[in-house]
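[1] The following block contains a protein sequence and its predicted model.
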Amino acid sequence: MTEIYLEISKLSDKFTKMAYGLTTDKNQIDNAVQELMLYFLQMNPKVLSKIYDKDGIEGITKYGAVALRRSLTSPRSAFYYKYKKYYSNIDEYSSTVTYNVIETGEVIPKKHLYNLPNEKIDNYQWTKLEEIDKALEDFTWYDKKIFELYYYDGNTLDSLAEKTSISRNSLFTTIDKVRTIIKKKLNE
């Protein structure tokens, strides 16, 4: 496996050049390539070995190109949630901010880190999570654990099926059942 990872690390410049076909923002490209390298490290070693054994470094390059394109263009990718969504919200925020001039003559935004402690923090999301945790106490240990592994630990159905040796369909049925019951309880 180490040999494969060394070969993948040599492809960093190639992936960077590929990313320039999708965007010209250097920061986005660097972050996307870094996320791709992390993706390869977290990838199932058996699948990675199969790709490498079948097509060699060319197969890894093609696989990486598809993953890179998806991360830069899909709003459901991990890259989008970690980087694009975050920075686009900052850009929207910075374009609508009004400024204060303080005694020293320094111009700072009204919403700034200096002003955050004075703002009221909305605990709506935390209370919802607490309500979900409370509703989960009524379920069997199996239903509760599967739901937690899926939502709280960020597993996909496929990775959860592989880790637990439970069929994907069975996991989906359990998660869907728990989700439906929780929605009904919270909306009552």
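    Ah, there it is.
[2] Tell me which other helices or strands the helix ranked longest in the chain touches.
    For the chain, the helix that runs over the most residues, judged by DSSP state H, is helix 45-73. Counting contacts by 3 or more C-beta pairs under 8 Å, 6 or more residues apart in numbering; DSSP states H and E, helix 45-73 packs against helix 2-9, helix 12-19, helix 26-42, helix 78-79. In short, each C-beta sits where N, CA and C put it, glycine included.
[3] Any buried residues in the third one, and which?
    The reference is to helix 26-42. Buried positions in helix 26-42, judged by neighbour count with 16 or more other C-beta atoms under 10 Å: Gln28, Ile29, Asn31, Ala32, Val33, Glu35, Leu36, Met37, Tyr39, Phe40.
[4] tell me what it is packed against?
    So helix 26-42, by 3+ C-beta pairs under 8 Å, 6+ apart, packs with helix 2-9, helix 12-19, helix 45-73, helix 78-79.
[5] just the last one next, same as before
    If you count contacts as 3+ C-beta pairs under 8 Å, 6+ apart, helix 78-79 packs onto helix 26-42, helix 45-73.
[6] got it, and the second one?
    Helices and strands in packing contact with helix 12-19 are listed as helix 26-42, helix 45-73; criterion 3+ C-beta pairs under 8 Å, 6+ apart.
[7] and the angle from the longest one to helix 2-9?
    With axes from the mean of the first three to the mean of the last three C-alpha atoms, to 10 degrees applied, the angle from helix 45-73 to helix 2-9 works out at 10 degrees.
[8] Tell me the one of the buried residues of helix 26-42 nearest Asp176?
    Of all those, Asp176 sits closest to Tyr39, with 27.5 Å by C-beta to C-beta.
[9] Next one, pLDDT for the closest one please.
    With respect to pLDDT, Tyr39 scores 86.
[10] just to revisit the earlier point, give me the distance between the longest helix of the chain and the centre of its chain.
    From the chain centre to the centre of helix 45-73 is a distance of 20 Å (C-alpha atoms, centre = their mean, to the nearest Å).
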